[in-house]
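Visitor: Sequence and predicted structure are below.
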Amino acid sequence: MSTPKLELVGLKKEFADGSVAAVDGIDLAVEEGQTLALLGPSGCGKSTTLNMIVGLEQPSSGDIRIDGRSVVAVPPGRRNVGLVFQDYAVFTSMSVRENLAFGLRVRGQRKAEIDRAVGEVAELLGLSTMLNGNARDLGGSELQRVAIGRTLVTRPAILLLDEPLSNLEAGTRLATRRELRRLQKEAGLTIIYVTHDQVEALSLADWIAVMSAGKIRQVAPASLICQQPDNIFVASFMGTPPMNLLRGALTRADGGYVFRKDAFVVGLLPGTDIGEAADLPVTIGIRPEEVRLCASGEAGLPARVLLAEPRGSETVVTLETGGQVIKAVIASDHRPTEGRDVMLEIDAASLVLFSGETNRRLP
Ligand code: ATP
């Protein structure tokens, strides 16, 4: 296996005034050319992790390796890591060209080299026609691209983006997201992308690391993390709405197993390996997208529609069934009326089981 571009090994940060570690011993590897999103709620340690990678914070323990070499003792300016914050670090008194050239000028590079690098980066970021304009006349998306460009001209080995879209309004945010995706592909950059917005993470990243309380709860390809959460934290964090999680027990029935919680009963796929979990408490995960609504009278679980909340082409339906409240996501053109009785069908193959003791996925 090749050496990862970036490796975090047992990385920990305890601030002098804090009783708990802001970053609590994380391990992470990012391959060259990949984008990893560090996703988690506010205060979970994302920015502290980035600050340690770039060198603005010193770790309490653990190691940071770039191309296999420890950089913990290397000063920030020499690590070849670029960091772009949500507050665009752009000089509004300068032109776009001067902004892009800044990092190379302070390094004393020759004018011809600077012009070439600025031209390339401007082309990559779609800023070529704006080079002579003043930065103060730019909109949010353009400012953010200039901020990224200012970092890119220095050719960082790794680009760290800390909530780069969070100050942009919705429309501009989408456009900038598309620009970023193009940039990733064309420049083949290794990127760590910090966000608390899972839609952003899922649409931009190859890999997602879900973080909470200073720890990494799961690292998985973006395409898998919603389907195969390792534990209840990730299951309850990913998805809008997240998985329905019900705590109950598994019992034998008809040669297989059923999950029961009060009057709610759902059969597992025949042959499901449940390990030691029979008769022990478990939590079952039901993805809202896997709950189907049928007309009353058909086979399935009887349910009542409590709420139907349209969100464009999909509707989030809150249902009561067997004494439980669960959510379904269905196409809006099949939207049921609130208060109506319906039947539910849940695809047994999509059920996810978690140990009631460890909160980890079974088996
Ligand atoms: P947000 O999305 O709100 O920026 P985050 O996930 O980036 O949050 P951090 O900013 O890394 O989280 O903060 C992690 C924890 O460390 C928080 O509890 C925060 O209060 C604490 N913390 C961060 N910086 C310092 C500091 N300089 N001194 C003391 N505590 C700090």
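Guide: Received the coordinates, thanks.

Visitor: Name the residue of the stretch 51-200 of the chain that lies nearest to the ligand.
Guide: His196 (5.4 Å; C-beta to the nearest ligand atom). No exception for glycine: its C-beta is placed from N, CA and C like everyone else's.

Visitor: Go ahead and confirm that residue touches Leu38.
Guide: No. Using C-beta atoms under 8 Å, His196 is not in contact with Leu38; the gap is 9.7 Å.

Visitor: count of residues packed around Thr92?
Guide: 12 (other C-beta atoms under 10 Å).

Visitor: For it, report the pLDDT, please.
Guide: As predicted, Thr92 sits at a pLDDT of 85.

Visitor: Could you do Thr176 as well?
Guide: 75.

Visitor: how about the nearest residue to Val291, chain neighbours excluded?
Guide: Ala328 (3.7 Å; C-beta to C-beta, 6 or more residues apart in numbering).

Visitor: Report the beta-bridge partner residues of that neighbour.
Guide: According to DSSP bridges, the residues that bridge with Ala328 are Val317.

Visitor: quick one on the thing from earlier: and His196 and Leu38? Which one has more around it.
Guide: Taking neighbours as other C-beta under 10 Å, His196 and Leu38 compare with Leu38 leading, 29 against 17.

Visitor: The helix or strand of the chain with the lowest mean pLDDT - contacts with which helices or strands?
Guide: Lowest on mean pLDDT, DSSP states H and E among the helices and strands of the chain sits helix 170-187, with a mean of 78. With contacts defined as 3 or more C-beta pairs under 8 Å, 6 or more residues apart in numbering; DSSP states H and E, the packing partners of helix 170-187 are helix 111-124, helix 140-152, helix 198-204.

Visitor: in that helix, what's buried?
Guide: The neighbour-count check on helix 170-187 (16 or more other C-beta atoms under 10 Å) flags Thr172, Arg173, Thr176, Arg177, Glu179, Leu180, Leu183, Gln184, Ala187 as buried.

Visitor: for stretch 119-139, same thing?
Guide: By 16+ other C-beta under 10 Å, the buried positions in stretch 119-139 come out as Glu120, Val121, Ala122, Leu124, Leu125, Leu127, Met130, Leu131, Ala135, Leu138.

Visitor: ok, now stretch 285-303?
Guide: Here stretch 285-303 shows Gly285, Ile286, Arg287, Pro288, Glu289, Glu290, Val291, Leu293, Gly300, Leu301, Ala303 as buried, counting by 16+ other C-beta under 10 Å.

Visitor: How far does that stretch stretch from one end to the other?
Guide: 18 Å (C-alpha to C-alpha, to the nearest Å).

Visitor: contact partners of stretch 234-249?
Guide: The contact list for stretch 234-249 (C-beta atoms under 8 Å, 6 or more residues apart in numbering) reads 40-41, 198-199, 210, 212, 217-218, 225-226, 229, 232, 259-262, 264, 279-288, 291, 316, 324, 326-327, 329, 352, 354, 356.

Visitor: chain center to it, what's the gap?
Guide: How far stretch 234-249 lies from its chain's middle: 16 Å, per C-alpha atoms, centre = their mean, to the nearest Å.

Visitor: Ok, stretch 279-296 next?
Guide: On the basis of C-alpha atoms, centre = their mean, stretch 279-296 sits 24 Å off its chain's mean C-alpha point.

Visitor: avg pLDDT for that stretch?
Guide: Mean predicted confidence for stretch 279-296 is 90.

Visitor: What residues does the stretch 151-300 of the chain have near the ligand?
Guide: Contact residues (C-beta under 6 Å from any ligand atom) of the stretch 151-300 of the chain with the ligand: His196.

Visitor: Strands of the stretch 151-300 of the chain, residue ranges please.
Guide: Ranges of strands within the stretch 151-300 of the chain are 158-162, 191-195, 207-212, 215-221, 244-253, 256-261, 264-267, 281-286, 291-295, based on DSSP state E, counting those that start in this stretch.

Visitor: Specify the residue ranges that define each domain of this structure.
Guide: When the chain is parsed with automatic domain parsing, its domains come out as 6-225, 237-355.

Visitor: Now render those as a markdown table, adding distance to Leu362.
Guide: As requested, the domains of the chain are exported to a markdown table (distance: least, C-beta to C-beta, whole Å):
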| stretch | distance to Leu362 |
| --- | --- |
| domain 6-225 | 15 |
| domain 237-355 | 4 |
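
Visitor: so who does the nearest residue to Thr35 once chain neighbours are set aside touch?
Guide: Leaving aside its chain neighbours, Thr35 sits nearest to Ile191 (4.3 Å; criterion: C-beta to C-beta, 6+ apart). With contact set as C-beta under 8 Å, 6+ apart, Ile191 has these partners: Gln34, Thr35, Leu36, Ile158, Leu159, Leu160, Leu161, Gln184.

Visitor: Okay then, goodbye and thanks.
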